[in-house]
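Engineer: compute the structure for the input listed below.
(2 chains)
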Amino acid sequence: DGGITQSPKYLFRKEGQNVTLSCEQNLNHDAMYWYRQDPGQGLRLIYYSQIVNDFQKGDIAEGYSVSREKKESFPLTVTSAQKNPTAFYLCASSIPAGAANTGELFFGEGSRLTVL
Amino acid sequence: KQEVTQIPAALSVPEGENLVLNCSFTDSAIYNLQWFRQDPGKGLTSLLLIQSSQREQTSGRLNASLDKSSGRSTLYIAASQPGDSATYLCAGGQDNMLTFGGGTRLMVKP
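Structural biologist: As a prediction, the model looks like this:
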């Protein structure tokens, strides 16, 4: 089945540690995204990538880093510089909108990070 | 910068009622408007996508409309069921990114 796989589902981290969240898609989508969701709030964009080896900062990129070495993979590292990292992290992918494409976004099941 | 607002933030209705969820956006230069459902602790499931050239889309008991000139979209749910209880989010697409509203938390009581 085609889809987006995020791992781990739950992650606990001590303050001062870096952690990496995995996102893999087999939908053959060019674009991939990372969003953060805090309780009772909408989603905020952290980073996005429209093509391999290229990515751009979103609205809240500080304290996060990404890489896009393969089309199917877009890992997110939450660094110790992120002041409030406890949140629900969602990865998404799409075919960029164009004449023949709707730009519909598909999501993984999310990773919940808790800093102890 | 695009801002998306959803009203109401929470809604509780008895089973069987028809209801409307509202979404407004500040920049009409969107190429699509997408509605999602989110169950607690889960990812987002795409419900309906309306492209900028369209006025509405329907899927089963769901109907979404888009009025770019007024910066509004509505999600209509007919004959609501307890299984419809979830958070519903709208998002406007622009520059290959989606900007999300804060969501409407819906509770349908049996």
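Engineer: which parts of chain A are strands?
Structural biologist: A:4-7, A:10-13, A:19-25, A:31-37, A:43-51, A:54-57, A:64-66, A:76-78, A:87-94, A:106-107, A:111-115 (DSSP state E).
Engineer: who does the fifth one pair up with?
Structural biologist: The pairing partners recorded for strand A:43-51 under DSSP bridges are strand A:31-37 (antiparallel), strand A:54-57 (antiparallel).
Engineer: give me every residue that touches the residue lying closest to A:Ser93 once chain neighbours are set aside.
Structural biologist: On the basis of Cβ to Cβ, 6 or more residues apart in numbering or on different chains, the spatially nearest residue to A:Ser93 that is not a chain neighbour turns out to be A:His29, at 3.9 Å. C-beta coordinates here come from the backbone N, C-alpha and C atoms, glycine included. The contact partners of A:His29, taken as Cβ atoms under 8 Å, 6 or more residues apart in numbering or on different chains, are A:93-95, A:106.
Engineer: repeat that for 6 Å
Structural biologist: A:93-95 (Cβ atoms under 6 Å, 6 or more residues apart in numbering or on different chains).
Engineer: per-residue pLDDT, the closest residue in space to B:Asp27 that isn't next to it in sequence?
Structural biologist: Distance criterion Cβ to Cβ, 6+ apart; nearest residue to B:Asp27, sequence neighbours excluded, is B:Gln2 at 4.6 Å. The pLDDT attached to B:Gln2 in the predicted structure is 88.
Engineer: surely B:Gln2 and B:Ala29 touch.
Structural biologist: No. Counting by Cβ atoms under 6 Å, B:Gln2 sits too far from B:Ala29 to count as a contact (8.6 Å).
Engineer: one step back: any idea which of the strands of chain A gets closest to B:Asp84?
Structural biologist: Between B:Asp84 and the strands of chain A, the shortest gap by Cβ to Cβ is with strand A:106-107, which sits at 19.1 Å.
Engineer: just checking the closest one against chain B, any contact.
Structural biologist: Yes. With Cβ under 6 Å from any Cβ of the partner chain as the criterion, chain B is reached by strand A:106-107 at A:Phe107.
Engineer: helices and strands around that strand, which ones?
Structural biologist: strand A:87-94 (3 or more Cβ pairs under 6 Å, 6 or more residues apart in numbering or on different chains; DSSP states H and E).
Engineer: more neighbours, B:Gln2 and B:Ala29?
Structural biologist: Neighbour comparison, B:Gln2 and B:Ala29: the larger count goes to B:Gln2, with 18 against 11 (by other Cβ atoms under 10 Å in any protein chain shown).
Engineer: which ones are touching that one?
Structural biologist: Counting by Cβ under 6 Å, 6+ apart, B:Gln2 touches B:27, B:92, B:94, B:99.
Engineer: only the buried subset of those residues, as a PyMOL command please.
Structural biologist: In PyMOL syntax, the buried subset of the contacts of B:Gln2 is picked out as below (16 or more other Cβ atoms under 10 Å in any protein chain shown):
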select buried, chain B and resi 92+94+99
